[in-house]
Each structure stands twice: as structure tokens, then as C-alpha cells.
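Participant: Please work out how this folds:
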Amino acid sequence: MTAVVFVHGTGVRGAALSALVERVTAGLAAQRAGLDIVPYDWGAAHGATLAAGGASLPTRSGTTRGPGAGPGDAMTAAWAALYTDPLTELALAAAGPGPAVERPPGTVPPQQRIRALLTALAARGDEPGAEAGPGLARAATDLAAHPLLGPAAEALDPADLAVLAARCLTARLVAEALDADSPLVPVAETRDAVTDRIAEALGAPPRGTERGLRSSLLRTAGAVAARAVERRRRAITDAAHPAAGDILRYLSRGSACRDGLRALVAGLEPPVALVGHSLGGVIALDTLISAPLPQVRLLVTAGSQGPFLYESGSLPSLEHPAPLPPHVPAWLNLYDPRDLLGHVGAGLFPGRVTDVAVDSGQPFPAAHSAYWTNPAVYRHIADRLP
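Facilitator: I've put the predicted structure just below:
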């Protein structure tokens with residue numbers, strides 16, 4: 001009987017591991033009967049924990065965990081939404097009802113006015129927004145031509161529209177800096193100063209005298225976002241710290257984890273296959289590289305960072321460009337093209353790794369967790385099991 005040792009990934013504990021092993025067992029059984037599925041629960045014995053109950057986590061007061069979100073949290077959450085999509089507020093405004101007013105004959109249409117101001121701002125170059133990053137002239141030109149600008153201009157007071165447009169432009173500059181991994185993202189005070197300067201160039205009165213949007217739309221959206229973040233904060237912390245901590249702990253103190261897997265395999269009758277997901281694949285690979293395990297006839301990794309860690313000089317057991325030891329068995333490496341945490345190894349270990357793409361149809365990060373609900377994964381594994 002072939003034994004399949006399943007090595008889970010980061011952050012998997014307790015009931016989640018039980019459900020995962022049950023799904024893997026069912027998936028493999030559908031392809032091949034008579035397999036012995038043996039989970040390696042390394043997370044329970046060797047995974048990361050917050051040993052002092054989270055004493056290292058900063059809080060707003062610096063000493064205690066505040067129960068609610070303050071105004072700063074609301075604004076921070078709202079800006080986070082704008083960094084994701086700088087047009088968020090523009091779209092919200094464009095979808096709202098316009099003011100019920102009649103304009104005197106000869107009045108310049110509001111969208112014509114804001115487009116002219118944006119064009120004039122673009123003509124000044126990047127200098128007005130330089131502290132937030134380059135690209136203001138291009139951003140202003142793009143916004144002047146954007147189809148959402150007209151409906152938003154009809155829906156908002158000109159001063160409010162100027163502030164909204166300024167935030168849109170500033171958010172785009174910061175978002176582009178983040179996308180470029182710039183180490184010089186401005187602090188909130190600088191960002192707000194840039195926004196005020198751009199808003200005034202677009203016809204808004206100085207800060208403190210404008211009415212409406214600065215204290216309503218963004219703050220309302222921010223308060224909703226902050227409440228959602230606050231509700232999830234403990235859940236996010238509890239879910240995220242094992243995942244990040246597991247990786248750091250393994251890379252710094254992984255020998256006990258490898259020893260545990262080695263001891264488990266030593267007690268099994270051959271043939272044995274090691275199947276690892278994410279960090280579990282790294283653990284399996286490292287264990288096999290470190291010393292021969294003759295019972296193991298197949299290594300399967302899914303969504304694995306092993307090849308990347310090797311190429312970047314971070315794999316504990318093998319440093320690039322050293323070759324894969326001859327005692328490492330056949331290696332099937334499954335990766336989803338949309339999984340940014342799944343890497344390929346054939347180019348690093350020619351003739352030793354078979355890379356196979358399995359498409360879950362999910363975007364990242366969902367793609368990283370969709371391997372074990374993908375029937376193609378089980379077919380590829382079953383086809384190669386000893």
C-alpha cells in the first residue's frame with residue numbers, strides 16, 4: 001500500500017487541518033483506491049505562536065487594546081480604499097443625485113470648468129504634487145478626460161469637486177509609488193498638504209473654509225471601512241501571525257520540523273510519497289535534500305516557494321547553484337499560473353523537476369488555496385504515485 005504523507009502549509013491548525021486532510025483523502029481516493037493518507041501536523045508542534053499572548057502587537061494607545069476605531073482610523077481606512085482605486089470617490093459622486101439648481105444663462109458648465117482647471121494644473125508639471133511622487137501632470141490630464149468626471153461635476157458643488165479631484169490625484173501618485181515599491185511614500189501630513197495644494201489649484205477654498213466633501217463623503221466611507229477593519233482586527237491578527245510566523249520560524253529554526261517529518265516517514269512501509277502545499281512543500285523538499293529517505297519514491301509540491309527560495313539563496317538545505325542531490329526522488333511540482341506564491345523548478349533543476357500548471361480559475365490569493373478543490377491536482381498526483 002502506498003503511503004501519502006501530506007504536509008500542510010502555513011497557518012493551518014486544528015479543525016482547518018482536519019477538514020483539509022479529509023478533502024485530500026477524498027480527492028485522492030476518487031483517483032486511486034487503497035492509499036494510506038498520513039498527515040504531518042507540523043504546525044501543532046513546530047508552528048509559530050504568540051507565546052506572550054500578543055504582547056508584541058502595537059496598539060493605538062501604546063499600552064492597551066482600544067475597543068473601537070478613532071477618527072484617524074477612519075481616514076486611514078478611507079485613504080487605503082483610494083490607494084486601491086483612486087477613482088472610488090469620483091464613482092460614488094457620479095452615481096449620486098445631482099443638485100436641483102438652475103444655472104443662470106451664460107454660466108460655464110461645471111464639467112467644462114473642472115476640465116479646464118485640470119488642464120491648467122497639468123501644464124504646471126509635476127511640481128505641485130512632487131512630495132507625493134512623480135506623475136501629477138499625466139494624472140491630471142487623464143482625469144480631465146475621464147468619463148466619470150462629467151457626472152461627478154453635475155452632482156457636486158465646485159469646491160467639493162475640487163477636493164475630491166485633488167484626493168483622486170494624490171491617491172494615484174501614492175498608489176503608483178506603492179506599485180513601484182518606492183521606499184519614499186509620504187506620511188499622512190505631507191500627503192494631506194499635497195492634496196490641499198492641488199485642491200486650491202482646482203478652485204477649492206483653503207482648508208477649513210470649504211464645505212461638504214472633506215468632512216462627509218470621505219469620512220463617512222472611512223468610518224464604514226474602519227468599523228469593518230476593527231471587527232476583523234483580531235481575526236486578521238490571529239489568522240495572519242501563524243502564516244507569517246510559520247515561515248520565519250521555519251527558516252530560522254526548521255531543523256526540528258524536518259526531524260519530525262523524517263521520524264514520521266521512518267515508521268512507514270515503502271513506497272511513500274510526500275505531498276506538500278506551500279511551506280509544506282518547502283519542508284518536504286528540505287527534508288529530502290538534507291539526507292536520503294529511501295522509502296520516499298515521489299515528491300509532490302503544490303503552490304511551493306521552494307524553487308524561489310533556492311534561487312534567492314534562502315533555502316536552508318541547498319544553496320544556489322549547487323545541484324539537487326541524486327538521492328532526491330522524482331519531483332512533481334504543481335503550480336497555478338495565477339498563484340503568485342507558486343514557483344517553477346525545471347529551469348533550476350533540469351531533468352529533475354516536472355512542472356505542471358493547474359488552473360483553478362481563481363485570482364490571487366484565492367488561487368493559492370484552491371489546489372485541493374481542483375480535481376486536476378489529484379489526477380496529476382495519482383498518475384505519478386508509486
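Participant: The protein: strands as residue ranges?
Facilitator: Defined through DSSP state E, the strands belonging to the chain, from first to last, are 3-7, 36-40, 272-277, 296-302, 330-335, 353-357.
Participant: tell me the most buried of those strands?
Facilitator: Highest mean neighbour count of the strands of the chain: strand 272-277, a mean of 26 (counted as mean count of other C-beta atoms under 10 Å). C-beta coordinates here come from the backbone N, C-alpha and C atoms, glycine included.
Participant: Tell me the helices and strands packed up against that one.
Facilitator: Where contact means 3 or more C-beta pairs under 8 Å, 6 or more residues apart in numbering; DSSP states H and E, strand 272-277 is packed against strand 3-7, helix 255-266, helix 279-290, strand 296-302.
Participant: quick one, which of those is nearest to A162?
Facilitator: Across these, A162 has its closest neighbour in helix 279-290 (49.4 Å, C-beta to C-beta).
Participant: quick revisit: out of the helices and strands packed on strand 272-277, which is closest to D179?
Facilitator: Shortest separation from D179 across the helices and strands packed on strand 272-277 is recorded for helix 279-290, at 26.8 Å, computed as C-beta to C-beta.
Participant: Between helix 255-266 and that closest one, find me the angle.
Facilitator: With axes from the mean of the first three to the mean of the last three C-alpha atoms, to 10 degrees as the basis, helix 279-290 and helix 255-266 are set at 80 degrees to each other.
Participant: centre of the chain versus helix 279-290, how much separation?
Facilitator: Averaging C-alpha positions (C-alpha atoms, centre = their mean, to the nearest Å) puts helix 279-290 24 Å from its chain's average.
Participant: How about stretch 355-362?
Facilitator: How far stretch 355-362 lies from its chain's middle: 19 Å, per C-alpha atoms, centre = their mean.
Participant: for stretch 109-129, same thing?
Facilitator: Between the mean C-alpha location of stretch 109-129 and the chain-wide mean there is a distance of 34 Å, by C-alpha atoms, centre = their mean.
Participant: How about stretch 141-157?
Facilitator: 31 Å.
Participant: Can you show me the CA trace of it as CSV?
Facilitator: What follows is stretch 141-157 as a C-alpha-only set of coordinates in CSV (Å, rounded to 0.1, in the frame of the first residue of the first chain):
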residue,chain,number,x,y,z
THR,A,141,-4.5,65.0,-18.0
ASP,A,142,-6.0,61.6,-17.6
LEU,A,143,-8.6,62.8,-15.1
ALA,A,144,-9.6,65.7,-17.3
ALA,A,145,-10.6,63.2,-20.0
HIS,A,146,-12.2,60.6,-17.7
PRO,A,147,-15.9,59.9,-18.4
LEU,A,148,-16.8,59.9,-14.7
LEU,A,149,-15.7,63.5,-14.3
GLY,A,150,-18.8,64.9,-16.0
PRO,A,151,-21.5,63.2,-13.9
ALA,A,152,-19.5,63.9,-10.7
ALA,A,153,-19.2,67.6,-11.7
GLU,A,154,-23.0,67.7,-12.1
ALA,A,155,-23.6,66.1,-8.7
LEU,A,156,-21.2,68.2,-6.6
ASP,A,157,-20.6,71.7,-5.5
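Participant: same question for that stretch, mean pLDDT?
Facilitator: The average pLDDT within stretch 141-157 is 91.
Participant: got the buried residues for it?
Facilitator: Of the residues in stretch 141-157, 143-144, 146, 148-157 count as buried by neighbour count, 16 or more other C-beta atoms under 10 Å.
Participant: Check stretch 39-53 too.
Facilitator: For stretch 39-53, the buried set under the neighbour-count rule, 16+ other C-beta under 10 Å, comprises 39-43, 46-48.
Participant: Would you mind giving those residues as JSON lines with distance to S255 and pLDDT added?
Facilitator: As requested, these are exported to JSON lines (distance: C-beta to C-beta, whole Å; pLDDT from 0 to 100):
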{"residue": "P39", "distance to S255": "21", "pLDDT": "97"}
{"residue": "Y40", "distance to S255": "15", "pLDDT": "96"}
{"residue": "D41", "distance to S255": "18", "pLDDT": "95"}
{"residue": "W42", "distance to S255": "12", "pLDDT": "94"}
{"residue": "G43", "distance to S255": "16", "pLDDT": "90"}
{"residue": "H46", "distance to S255": "10", "pLDDT": "91"}
{"residue": "G47", "distance to S255": "15", "pLDDT": "86"}
{"residue": "A48", "distance to S255": "15", "pLDDT": "81"}
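Participant: Now go through the residues you listed and say which are in helices.
Facilitator: Within these, membership in helices is found for 42-43, 46, as judged by DSSP state H.
Participant: coming back round to it: nearest to D181 among the buried residues of stretch 39-53?
Facilitator: Proximity of the buried residues of stretch 39-53 to D181, judged by C-beta to C-beta, is greatest for A48, which lies at 25.9 Å.
Participant: ok, now which ones touch the nearest residue to that closest one once chain neighbours are set aside?
Facilitator: The shortest distance from A48 to any residue other than its chain neighbours is 2.7 Å, reached at G245 (C-beta to C-beta, 6 or more residues apart in numbering). The neighbours of G245, taking C-beta atoms under 8 Å, 6 or more residues apart in numbering as the test, are 47-50.
Participant: Now the two most distant members of the residues you listed.
Facilitator: For the contacts of G245, and using C-beta to C-beta, no pair is farther apart than G47 and L50, which are 11.3 Å apart.
Participant: Out of the buried residues of stretch 141-157, the closest to A93 would be?
Facilitator: So of these, ranked by how close each gets to A93 (C-beta to C-beta), first place is A152, at 4.2 Å.
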